[in-house]
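Novice: curious how this folds, go ahead:
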Amino acid sequence: MHGLPSRRRALGALCALSLVGMGPVLRAQAAGLGRITVAVGARSAQPLRQLPLSVAEQLDFFRLEGLEVTTLDYASDMLALQALKQGVADVAAVGFEHALPTAAVPQGLRSLVLQTRVPQMALAVSSKAAPTHRSVADLRHARVGIADFGSLGHAMAVLALNQAGVEGTEVAFVAVGEGERAQEALRTGQVQALCHSDAVLALLEHQGEVRIVADARGLLGSQAVFGGTLPGTCLLAPAGFVQGRGAQAQALVHGLVHALKWLQTAEPADVVKHVPTSGLLAERSLFLAALARARDAMSPDGLMPEDAPRTALRALSVLNPAMAVRQSDLARSYTQEFARKAKQKYSA
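Specialist: Predicted coordinates:
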């Protein structure tokens, strides 16, 4: 999230230590497991999808587990994954769908823990395009904005169109990027509709500039669009990290699940206090409204729902019908080992 330190700083850590009231214990533990680096995708443009990670940082839940975590913010998931591939980072905080292309590779990427259990996206039609475009079915021959080609937002738009009897080839998809660039594309009429993250759509919806016609920001809406539970963001790591640095992986997941548990009962004012509003959600009322929707999107325990990987594969297959991952390989795209232990530690 824009405004959060992209690197851990001593003053921020001391502030969080005083908050949890365990300074001496944390300082003793922090020397134990060393340091890891997490590449974070699109946090400034889509802060709510990385909210658990941001909370864990701000409240020093990783340090509580004896782990020093440095985060590096990137403008997109693809750039964060590139940093992971190049060895700049040990772990990436990105959408789960990025694990699927490597599922069949023994040393591919594995999801360690789930942050969100829905993609937190919606398909919206520009108010300026009315009355010609009122519903998904009306988007035939329209220009539809997406973050990028091949993205999950691209897949969601195609699925929503198909459900309304419109083929993906009957609309013109336009890559509009992230953040304010995406908003500007809709406002200037470059596109008549936009399938994007809640953060991008929040202000447009608040000001009456769009009408939501397909909503995957909550659990039920996401299941209706995708036909099952579709995982959102997670922490992805190479299989080598999972196998060779298990203690660090476990500490990382402990900290993230601790944040998920904290978010279940935290008052909105407390969330705002520890994760300041900024960027697209700089207006407090917008942040609080988006946060209320995001409650349902957060994973309750970091565990991967049983049907979620298959749902994600099915969604991406609408863009690439040749994409095939065997069930046995699909199971290697994630591990439940660390989240199960964290759930047991932080259950009630």
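
Novice: confirm Asp215 sits in a strand?
Specialist: Yes - judged by DSSP: H, G, I helix; E, B strand; the rest coil, Asp215 forms part of a strand.

Novice: that one - how many residues pack around it?
Specialist: 19 (other Cβ atoms under 10 Å). Every C-beta, even on glycine, is put in place using the N, C-alpha and C of the backbone.

Novice: same thing with Gln207?
Specialist: 11.

Novice: check Glu306 too.
Specialist: Glu306 has 10 nearby residues by other Cβ under 10 Å.

Novice: was I right to think Phe287 contacts Leu280?
Specialist: No - the pair Phe287 and Leu280 fails to qualify as a contact (Cβ atoms under 8 Å) at a distance of 9.3 Å.

Novice: can I get the helix or strand harbouring Thr70 as PDB, trimmed to CA atoms?
Specialist: Per DSSP states H and E: Thr70 is located in strand 68-74. What follows is strand 68-74, C-alpha atoms only, in PDB (Å, rounded to 0.1, in the frame of the first residue of the first chain):
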ATOM      1  CA  GLU A  68      12.900 -10.200   9.700                       C
ATOM      2  CA  VAL A  69      10.900  -9.500   6.600                       C
ATOM      3  CA  THR A  70      11.800  -6.900   4.000                       C
ATOM      4  CA  THR A  71       9.100  -6.000   1.400                       C
ATOM      5  CA  LEU A  72       9.800  -4.600  -2.000                       C
ATOM      6  CA  ASP A  73       6.800  -3.100  -3.800                       C
ATOM      7  CA  TYR A  74       6.300  -3.500  -7.500                       C
END
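
Novice: on contacts alone, who are the packing partners of it?
Specialist: Strand 68-74 sits against strand 35-41, helix 51-58, helix 61-64, helix 77-85, with contacts defined as 3 or more Cβ pairs under 8 Å, 6 or more residues apart in numbering; DSSP states H and E.

Novice: can you tell me what sits against that strand?
Specialist: 6-8, 30, 33-44, 53, 56-57, 62-63, 80, 83, 88-89, 93, 252, 255 (Cβ atoms under 8 Å, 6 or more residues apart in numbering).

Novice: buried subset of those residues?
Specialist: 6, 8, 30, 33, 36-44, 53, 56-57, 62-63, 80, 83, 89, 93, 252, 255 (16 or more other Cβ atoms under 10 Å).

Novice: export the helices and strands packed on strand 68-74 as TSV, with columns for distance to Gln163 and mean pLDDT.
Specialist: Conversion of these to TSV gives the following (distance: least, Cβ to Cβ, whole Å; pLDDT from 0 to 100):
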stretch	distance to Gln163	mean pLDDT
strand 35-41	28	97
helix 51-58	29	96
helix 61-64	40	97
helix 77-85	26	96
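
Novice: nearest to Leu219, out of those?
Specialist: Comparison of the helices and strands packed on strand 68-74 against Leu219 by Cβ to Cβ identifies helix 51-58 as nearest, at 15.9 Å.

Novice: just send the helices and strands packed on strand 68-74 back as JSON lines, with distance to Val158 too.
Specialist: Shown next, in JSON lines, are the helices and strands packed on strand 68-74 (distance: least, Cβ to Cβ, whole Å):
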{"stretch": "strand 35-41", "distance to Val158": "22"}
{"stretch": "helix 51-58", "distance to Val158": "27"}
{"stretch": "helix 61-64", "distance to Val158": "38"}
{"stretch": "helix 77-85", "distance to Val158": "19"}
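
Novice: many thanks, have a good one.
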